[in-house]
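# Following is a predicted model, sequence given first.
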Amino acid sequence: MKTMKVIGALAMISLAGAAQAQIWASAAHNYVQGLQEDGSALPVDRTNTANALGAPQNDDSFPDTINFVSLGFGGQLTLSFGEQFKDNIYWYETTFNAQGGHYEYADLYVGTGADALSATYYLVGNLSNLVEGVPMSLATVQGNTGIGAWDFVKFVDTSSFIGLPYADGFDIDGVGADPIPAPGAVALLGLGGLLAARRRR
Ligand SMILES: [Ca+2]
Ligand SMILES: [Ca+2]
Ligand SMILES: [Ca+2]
């Protein structure tokens, strides 16, 4: 009985660990730069896709260092994590004065496939910079498609012109996702079940 309790506790810990350990985007693909509202190119310092990788700085104070990559109007960026993911996308945008009418939007897709260009993408929903930091659930798209493991996230800017010549569309600071539980964690759960079953004999 004592053994079963310990194994049960181990299984719980590994499950909790898998649910909590968020992964962050580690590679950028197919960055298609849109333009600023006046039709000019994005400032070069806002086109560094490395600024969308790793944990977000999550700092919208102004003035600030550039901690994001801008999509430009109609622009897009695809990201991957070095492993598959599921369930939630944790996205962080940077707009220094979003509350002041500087509204920006992007469609979020998740994709499955061998590479970013040939992957099949499914629309998850439209993101607004007014609610950045609120996770986007993949429950509906996973339910509709039956797919539970994804390879890519893609952001496509859908911002409307707001009367500011230098407006540059949606800005990505960092993107996280829930990992697929590691084989070790699954094996441990399986082992726990096996030992529990043996004890029941
Ligand atoms: Ca932010
Ligand atoms: Ca912007
Ligand atoms: Ca960043």
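Alright, I've got the coordinates. Numbers count the residues shown, from 1 in each chain. Ligands and ions are numbered 1, 2, ... in the order given.
# how about stretch 59-74, does it reach ligand 1?
Yes. Using CB under 5 Å from the ion, a contact is recorded between stretch 59-74 and ligand 1, made by residue 60. C-beta here means a position set from N, CA and C on the backbone, and glycine is covered the same way.
# so how far is the first residue of that stretch from its last?
24 Å (CA to CA, to the nearest Å).
# Touching that stretch from outside, list them.
28, 31, 33-37, 42-43, 45-52, 56-57, 77, 93-98, 106, 155-157, 159, 161, 167-173 (CB atoms under 8 Å, 6 or more residues apart in numbering).
# Just the buried subset of the residues you listed, please.
Buried subset of these (neighbour count, 16 or more other CB atoms under 10 Å): 28, 31, 33-34, 36-37, 42, 46-47, 49, 51-52, 56-57, 77, 93-95, 98, 106, 155-157, 159, 167-173.
# thinking again about what came up before, which of the contacts of stretch 59-74 are close to ligand 2?
168, 171.
# Around ligand 3, which positions in the protein sit nearby?
51, 57, 67, 173-174.
# out of the residues you listed, who's nearest residue 145?
residue 174 (25.7 Å; CB to CB).
# any idea where the helices of the chain begin and end?
2-20, 139-145, 183-200 (DSSP state H).
# Give me the buried positions along the shortest one.
By that I understand helix 139-145. 141-142.
# Next, the contact list for the nearest residue to residue 122 once chain neighbours are set aside, please.
With sequence-adjacent residues excluded and distances taken as CB to CB, 6 or more residues apart in numbering, residue 122 is closest to residue 141, at 5.1 Å. By CB under 8 Å, 6+ apart, the contact set of residue 141 is 110, 122-124, 147.
# Counting neighbours, which of the residues you listed comes out on top?
residue 110 (25 neighbours; other CB atoms under 10 Å).
# Does it have any beta-bridge partners, and if so which?
Following DSSP bridges, residue 110 is listed with bridge partners residue 122, residue 153.
# How far away from the center of its chain is stretch 153-171?
Here stretch 153-171 shows a centroid-to-chain-centroid distance of 18 Å under the convention CA atoms, centre = their mean, to the nearest Å.
# for stretch 62-77, same thing?
Using CA atoms, centre = their mean, the offset of stretch 62-77 from its chain centre is 16 Å.
# first to last residue in it, what's the distance?
Start-to-end, stretch 62-77 (CA to CA) is 25 Å.
# Now that stretch: buried residues?
Result for stretch 62-77 [16+ other CB under 10 Å]: buried residues 66-73, 75-77.
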